[in-house]
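Visitor: I'd like to go over a predicted model; first the sequence, then the structure.
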Amino acid sequence: MAATTFPAPVIVAKRTLAQMLAIHAKEAKYELINKTRIPIYAISTVVFPLMFYVLFGIVLPGGKDRPETATYLLATMGCFGIMAVALFGFGVSLAIERGQGWLQMKRASPMPVSAYFLAKLFAAVVFSTVIMLLLLAVGMAFGGVRLPFATAAKLVGILVAGSIPFSAMGLAIGYFAKPNSAPALVNLIYLPMSFCSGLWIPLFMLPHGLRVLAHFLPPFHLAQLALSTVGMERDPTPAWGHVEALAAFTLICLGLAAWGYRRDEGKTYG
């Protein structure tokens, strides 16, 4: 007598809002702990922009030019710093975790996938905030930077929010880069992009061709929003134009990341 078989029921975990928040909070906590325990990430992302700022914004300028230069580079080096945090925190980290199978294990667990990505975004926001507060402290203490509290808070808020487009860019890179090549690929993209956007040297000092190219690069638009906060924007494009450019860039990167995500899902589960 043939045995009758029935398909196993699919059990979908139903969680309350409080349980979902607790899961996301715990994942964010351990992602932040993980990042702080990786010296090459924690030190390089914080120390490099601070070191460049001290060198180009405080040590090299002299006399009456120092406060103006230090204020200008506070905005642009802040942009440079949050780019590194987002691109390495998402792009390199995601590529390595994909290669190690850690992401596949996370997907097999009952944890919602949103917790994984929001935890990385949370870590990027925390590190970005730390970088901006350190740059502000150094600029005010040694560079002659004088900003009202409201202006300083707005500058920090704009640049920390600016980590979102570059987190999306890192997400796209992480889904297509190999683990071993991801660090080199990120450096190959973000260092030239930073220079051509006028983050290291004021844009008006660059050749005409680079000044034109800068308008197509996302760091330029974020830097201009930051510079407008401290009254040093030189580009005539209105603020909403820069916001639209960053929003479009974010959507494009998220689209590429979604494509990479579906590609990985197809390879893993058929």
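Guide: It's in.

Visitor: ok, Phe142 - contacts?
Guide: Val54, Ile58 (Cβ atoms under 8 Å, 6 or more residues apart in numbering). Just so you know, the C-beta spots here come from the backbone N, C-alpha and C atoms, and that holds for glycine as well.

Visitor: Quick one, grab the pLDDT at it.
Guide: On pLDDT, Phe142 comes in at 91.

Visitor: what's the answer for the one 5 residues further on, then?
Guide: pLDDT for Leu147: 92.

Visitor: What's the local residue count around it?
Guide: Using other Cβ atoms under 10 Å, Leu147 has 18 other residues around it.

Visitor: Tally up the residues packed near the nearest residue to Leu74 once chain neighbours are set aside, please.
Guide: Residue nearest to Leu74 in three dimensions, not counting chain neighbours: Gly139, with 4.8 Å by Cβ to Cβ, 6 or more residues apart in numbering. Using other Cβ under 10 Å, the number of residues around Gly139 comes to 25.

Visitor: Would you agree Gly139 is in contact with Gly57?
Guide: Yes - with contacts counted by Cβ atoms under 8 Å, Gly139 reaches Gly57, the gap being 7.0 Å.

Visitor: any shared contact partners between those two?
Guide: Among the neighbours of Gly139, those also in contact with Gly57 (Cβ under 8 Å, 6+ apart) are Ala70, Leu74.

Visitor: so what pLDDT did Thr16 get?
Guide: What the model reports as pLDDT for Thr16 is 87.

Visitor: Number of residues surrounding it?
Guide: Neighbours around Thr16, by other Cβ under 10 Å: 8.

Visitor: which stretches of the stretch 151-270 of the chain have low pLDDT?
Guide: Residues of the stretch 151-270 of the chain meeting the criterion pLDDT under 70: 266-270.

Visitor: what sits against the residue nearest to Leu74?
Guide: So Gly139 contacts Tyr53, Gly57, Ile58, Ala70, Thr71, Leu74, Val145 (Cβ under 8 Å, 6+ apart).

Visitor: Who's the closest spatial neighbour of the third one, skipping the chain neighbours?
Guide: Taking Cβ to Cβ, 6+ apart as the measure, Ile58 lies nearest to Gly143, with 4.6 Å between them; neighbours along the chain are not counted.

Visitor: wait, the one you found sits on Pro67?
Guide: Yes - contact status for Gly143 versus Pro67: in contact at 6.5 Å, counting by Cβ under 8 Å.
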